[in-house]
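# Next comes the sequence, and after it the predicted model I'd like to discuss.
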Amino acid sequence: MLTTFERQLFRQFLFVNAVYLCVILGLFTVIDLFDNVDDFVNHSDGQPLTIMISIASYYGKMGMFIFDAASVPMIAMSGLTTLLLCKRRGQVKPFLSAGIPTYRVLAPALLMGACVMVGLKMVNREVFLGDAVHHLHSSRGGGGAETLHLVAPRYDHASQILIDGWAVYPHTQRIEKAAFVLPPEIAGQDMICLKADEAEFYPRQGKRPSGWLLRNANPPMAEIPLTEQGKSYLLRSKQSENIFVVSDVTPDLIYKAKESSGFLSTAQLVERINSPAIDNNTARDLEFNFHARVIEPFLTGLMIWISIPVILQKESRGMIVNAGECGFWLFAVIGSTYAVRFLPALQVAEPVQAAWIPLLLTTPLTVWMLDRVET
């Protein structure tokens with residue numbers, strides 16, 4: 001059970017997080033809206049209520065992505081701010097005079113608050129962001145339902161089918177003017193370009209595999225000399241003019257794949273890593289994202305642990321100096337999580353190794369600082 005002081009500290013920590021979140025969302029909304037308010041007006045019927053609803057809808061969806069990206073730095077700065085308030089008010093001195101260790105007074109409430117914020121981030125990512133990535137690139141005021149993106153052609157490495165087209169609509173999961181290039185292993189001795197007015201992606205459901213339904217496909221199924229391997233990747237549809245192409249290449253993989261992969265749910269990440277349709281470079285990026293998520297809660301807890309001895313150190317030279325030093329160490333830890341992303345590309349470390357480097361560096365730093373805390 002938390003004591004009265006710990007409950008007060010816990011509520012204060014959550015309150016500071018809420019203030020920082022409101023400030024971040026408010027600044028983003030005001031700055032972005034100042035430059036792009038014409039987009040909301042042009043996509044509406046001119047009614048003020050319609051414009052306000054469009055603005056609230058767009059920035060409400062964007063708020064989920066901002067919270068996911070800013071939550072860890074926000075938690076670290078909230079811990080720093082809460083400790084500064086405690087030191088300024090002299091709330092820790094009476095406990096130290098009673099012989100209670102500093103970490104016993106502060107750590108439980110702050111770590112529990114950090115757990116709550118990390119839990120909210122996990123719920124946001126696992127429940128909302130996995131199926132809402134298309135909102136990240138949606139047009140302002142357009143509702144995002146039919147936002148057009150140019151297709152970046154991608155191979156399905158399981159079947160060697162090249163998936164191409166004119167435009168992709170992520171919200172409705174379809175490709176306009178689709179062109180699927182079938183290799184000889186699928187279509188016989190020659191390559192065949194399978195064209196369709198529209199291709200719609202269907203996720204895996206029960207015994208039905210995931211894939212693309214090509215409507216009004218040309219050439220039709222009867223004119224394609226399928227091999228035995230091809231018969232497992234090209235399936236007949238109930239409508240003779242349609243063809244179902246089995247594939248794990250989802251719409252977000254053929255536009256802004258790297259940006260979208262960071263917002264997938266953990267289940268989607270694991271499924272995509274294990275999919276034979278994904279190339280090695282993409283799989284390595286996904287592995288890095290997966291392990292970065294595993295260490296994130298531990299790294300957040302260590303940043304809270306570092307803040308305590310720096311803000312409440314024995315030989316303090318003033319609150320401003322302590323705050324600056326604490327901000328430096330927190331910035332170094334957070335910056336390392338971004339710096340290690342370049343190591344696999346430079347062939348310095350494997351993606352899994354690179355993802356764990358910040359935790360391996362922060363842990364001894366935390367132990368080294370334990371003796372600095374005021375007792």
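Cool, got the structure.
# Enumerate every residue touching Asp279.
If a contact means CB atoms under 8 Å, 6 or more residues apart in numbering, then Asp279 has 155, 157 as its contacts. The C-beta positions use only the backbone N, C-alpha and C, and glycine is treated the same way.
# mind redoing it with 6 Å?
Contacts for Asp279 (CB atoms under 6 Å, 6 or more residues apart in numbering) come out as His157.
# Give me the pLDDT for it.
Confidence at Asp279, expressed as pLDDT, is 86.
# And the helices in the stretch 151-300 of the chain, which stretches?
Along the stretch 151-300 of the chain, the segments classed as helices by DSSP state H, counting those that start in this stretch run 184-187, 257-261, 266-273, 280-311.
# List the buried residues for stretch 237-246?
Residues of stretch 237-246 classed as buried by neighbour count (16 or more other CB atoms under 10 Å): 242-246.
# got it, and stretch 70-84?
For stretch 70-84, by 16+ other CB under 10 Å, it's 70-84.
# Look up how far Ser336 lies from the closest residue to Ala349 other than its chain neighbours.
Leaving aside its sequence neighbours, Ala349 sits nearest to Leu343 (CB to CB, 6 or more residues apart in numbering; 4.5 Å). From Leu343 across to Ser336, the span is 11 Å (CB to CB, to the nearest Å).
# got it, and Gly188?
53 Å.
# could you dump the helix or strand of the chain with the lowest mean pLDDT to PDB, C-alpha only?
In the chain, the helix or strand scored least confidently by mean pLDDT, DSSP states H and E is helix 257-261, which has a mean of 71. Only the C-alpha atoms of helix 257-261 are listed here, as PDB (Å, rounded to 0.1, in the frame of the first residue of the first chain):
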ATOM      1  CA  ALA A 257       6.900   1.100 -45.400                       C
ATOM      2  CA  LYS A 258       9.600   2.200 -42.900                       C
ATOM      3  CA  GLU A 259       7.400   5.000 -41.400                       C
ATOM      4  CA  SER A 260       4.400   2.800 -41.000                       C
ATOM      5  CA  SER A 261       6.200  -0.200 -39.400                       C
END
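# Domain parsing of the protein, as residue ranges.
4-138+282-372, 152-254 (automatic domain parsing).
# Mean confidence (pLDDT) on the last one, please.
Spelled out, it's domain 152-254. Per-residue pLDDT over domain 152-254 has a mean of 89.
# Pull up the distance across that domain, start to finish.
Using CA to CA, to the nearest Å, the end-to-end distance of domain 152-254 comes to 5 Å.
# Over to the first one?
Using CA to CA, the end-to-end distance of domain 4-138+282-372 comes to 27 Å.
# starting at the chain centroid, how far to it?
Distance of domain 4-138+282-372 from the chain centroid (CA atoms, centre = their mean, to the nearest Å) equals 14 Å.
# pLDDT of that domain, averaged?
Mean predicted confidence for domain 4-138+282-372 is 90.
# for the protein, what's the longest strand?
Longest strand of the chain, by residue count under DSSP state E: strand 192-202.
# can you pull the buried residues of that strand?
192, 194-196, 198-201.
# Quick one: residues contacting Asp164.
153, 179.
# repeat that for 7 Å
Contact partners of Asp164, counting by CB atoms under 7 Å, 6 or more residues apart in numbering, are 151, 153, 179, 181.
# can you tell me which of the residues you listed are in strands?
179, 181.
# okay, the contacts of Asp164 in CSV with neighbour count next?
Formatted as CSV, the contacts of Asp164 follow (neighbours: other CB atoms under 10 Å):
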residue, neighbour count
Val151, 19
Pro153, 11
Ala179, 18
Val181, 18
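# Columns distance to Pro251 on top of the contacts of Asp164, output as TSV?
As requested, the contacts of Asp164 are arranged in TSV below (distance: CB to CB, whole Å):
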residue	distance to Pro251
Val151	9
Pro153	13
Ala179	15
Val181	18
